[in-house]
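Trainee: no FASTA, just this:
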Ligand code: 5GP
Ligand code: MG
Ligand code: MG
């Protein structure tokens, strides 16, 4: 039913799964023996988060943060409002931030600085998708990237358009008429 709104599939469920397995194996290696807190950024990262932690064969804590970025609908401003903060103390712990997509990089840049200020032992970023063409915060280089996507607005596998399409099992581009 939702398929009728999709112009084209950019990343298939199989390609997503392969990326998740690859990242999970790398993260398992890199974080073995460390006190890690995996922080998912709501709501977009919820689906990816559920899959990636099940590929990490280590002891870990899970927490979520909900933020909204002020600005126009299509681009974040960098001024971030915390809707729901973490319940976990980060001092001395290794933080792995899990995001759906990095676009301008402003949201994550704010969060990385915040977690450093809270005295995390390290802060690293794992994003399913990266849109490097759109980066404004040039020094925000994600440590773990699932896939690079072109400069197009994508939905599915957690990513929304007006809160819909998060439950698509693939990542795709909407038909232009859906925007109108
Ligand atoms: P940034 O601060 O990097 O510009 O914004 C990142 C956030 O904007 C993402 O976490 C995501 O919620 C949203 N975003 C950026 N690009 C897209 C996109 O192509 N599709 C969707 N659905 N959300 C996007
Ligand atoms: Mg997000
Ligand atoms: Mg959104």
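Mentor: That came in fine, so what should we check first? Everything numeric in this text was worked out from a predicted model, so none of it was measured. Numbering: from 1, shown residues only. Ligands and ions are numbered 1, 2, ... in the order given.
Trainee: show me what the helix ranked longest in the chain is packed up against.
Mentor: For the chain, the longest helix by residue count, based on DSSP state H, is helix 13-31. Applying 3 or more C-beta pairs under 8 Å, 6 or more residues apart in numbering; DSSP states H and E, we find helix 13-31 packed against helix 46-53, strand 94-102, strand 122-130, strand 144-148. Any C-beta I mention is one placed from the backbone N, CA and C, and that applies to glycine too.
Trainee: got these as CSV, with mean pLDDT columns?
Mentor: Shown next, in CSV, are the helices and strands packed on helix 13-31 (pLDDT from 0 to 100):
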stretch, mean pLDDT
helix 46-53, 98
strand 94-102, 98
strand 122-130, 98
strand 144-148, 97
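Trainee: switch these over to a markdown table; also include distance to residue 179 and mean neighbour count.
Mentor: Formatted as a markdown table, those follow (distance: least, C-beta to C-beta, whole Å; neighbours: other C-beta atoms under 10 Å):
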| stretch | distance to residue 179 | mean neighbour count |
| --- | --- | --- |
| helix 46-53 | 22 | 20 |
| strand 94-102 | 18 | 24 |
| strand 122-130 | 20 | 22 |
| strand 144-148 | 23 | 18 |
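Trainee: need those in JSON lines with distance to residue 22, can you?
Mentor: Formatted as JSON lines, these follow (distance: least, C-beta to C-beta, whole Å):
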{"stretch": "helix 46-53", "distance to residue 22": "11"}
{"stretch": "strand 94-102", "distance to residue 22": "15"}
{"stretch": "strand 122-130", "distance to residue 22": "12"}
{"stretch": "strand 144-148", "distance to residue 22": "8"}
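Trainee: which non-adjacent residue is nearest the residue of the chain found nearest ligand 2?
Mentor: Closest to ligand 2 within the chain is residue 44: 3.6 Å, counting by C-beta to the ion. Leaving out its chain neighbours, the residue that sits closest to residue 44 by C-beta to C-beta, 6 or more residues apart in numbering is residue 100, at 3.5 Å.
Trainee: state the distance from the one you found to residue 4.
Mentor: 23 Å (C-beta to C-beta, to the nearest Å).
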